[in-house]
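In: Based on what follows, work out the 3D shape:
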Amino acid sequence: MPVAAVKRKKTYTLPFVMEYGADCSTGEPNAETMAAMREAERIENDPSVNGYDDLDVLFASLRQ
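Out: Sure thing, here's the model as predicted:
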């Protein structure tokens with residue numbers, strides 16, 4: 001078993017440090033992350049964007 005998996009299993013933590021954008025001290029997302037979150041919200045609320053609950057349907061649409 002990989003060392004990271006063993007460590008994660010014993011400590012119940014990720015084998016790396018999670019950081020919040022450029023300034024880790026504030027915990028606030030940086031500008032790039034905020035832009036990505038705004039884009040995700042726009043896509044989520046855009047009725048012209050297809051959403052998929054079934055991977056088979058998704059892959060079928062990609063093959064067309």
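In: State the number of residues packed around Phe16.
Out: Applying other Cβ atoms under 10 Å, we find 8 residues neighbouring Phe16. Any C-beta I mention is one placed from the backbone N, CA and C, and that applies to glycine too.
In: which element is Ile43 on?
Out: Secondary-structure element containing Ile43, defined by DSSP states H and E: helix 31-45.
In: pLDDT (mean, whole number) over whatever helix or strand comes next after that helix?
Out: Sequence-wise, the next helix or strand beyond helix 31-45 is helix 55-63, with elements assigned using DSSP H and E. Taken as a whole, helix 55-63 carries a mean pLDDT of 94.
In: Other residues contacting helix 55-63?
Out: Applying Cβ atoms under 8 Å, 6 or more residues apart in numbering, the external contacts of helix 55-63 come out as Asn50, Tyr52.
In: 10 Å instead?
Out: The contact list for helix 55-63 (Cβ atoms under 10 Å, 6 or more residues apart in numbering) reads Asn50, Gly51, Tyr52, Asp54.
In: Count the residues that sit near the first one.
Out: What it means is Asn50. Residues within reach of Asn50, counting by other Cβ under 10 Å, total 9.
In: now the one 5 residues further on
Out: The tally of other residues near Leu55 (other Cβ under 10 Å) stands at 8.
In: Flag the shaky bits of this protein, pLDDT-wise.
Out: 1-11, 18-27 (pLDDT under 70).
In: how near is Leu58 to Tyr52?
Out: 4 Å (Cβ to Cβ, to the nearest Å).
In: Could you do Glu39 as well?
Out: Note on Glu39: its distance to Tyr52, by Cβ to Cβ, is 18 Å.
In: got the CA coordinates for the helix holding Ile43 in PDB?
Out: Only the C-alpha atoms of helix 31-45 are listed here, as PDB (Å, rounded to 0.1, in the frame of the first residue of the first chain):
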ATOM      1  CA  ALA A  31      -9.500  36.300  -7.900                       C
ATOM      2  CA  GLU A  32      -9.000  33.300 -10.200                       C
ATOM      3  CA  THR A  33     -11.000  31.000  -7.900                       C
ATOM      4  CA  MET A  34     -13.700  33.600  -7.500                       C
ATOM      5  CA  ALA A  35     -13.900  34.000 -11.300                       C
ATOM      6  CA  ALA A  36     -14.200  30.200 -11.600                       C
ATOM      7  CA  MET A  37     -17.000  30.100  -9.000                       C
ATOM      8  CA  ARG A  38     -18.900  32.800 -10.800                       C
ATOM      9  CA  GLU A  39     -18.500  30.900 -14.100                       C
ATOM     10  CA  ALA A  40     -19.800  27.700 -12.400                       C
ATOM     11  CA  GLU A  41     -22.900  29.600 -11.100                       C
ATOM     12  CA  ARG A  42     -23.500  31.100 -14.500                       C
ATOM     13  CA  ILE A  43     -23.300  27.700 -16.200                       C
ATOM     14  CA  GLU A  44     -25.500  26.100 -13.500                       C
ATOM     15  CA  ASN A  45     -28.300  28.700 -14.100                       C
END
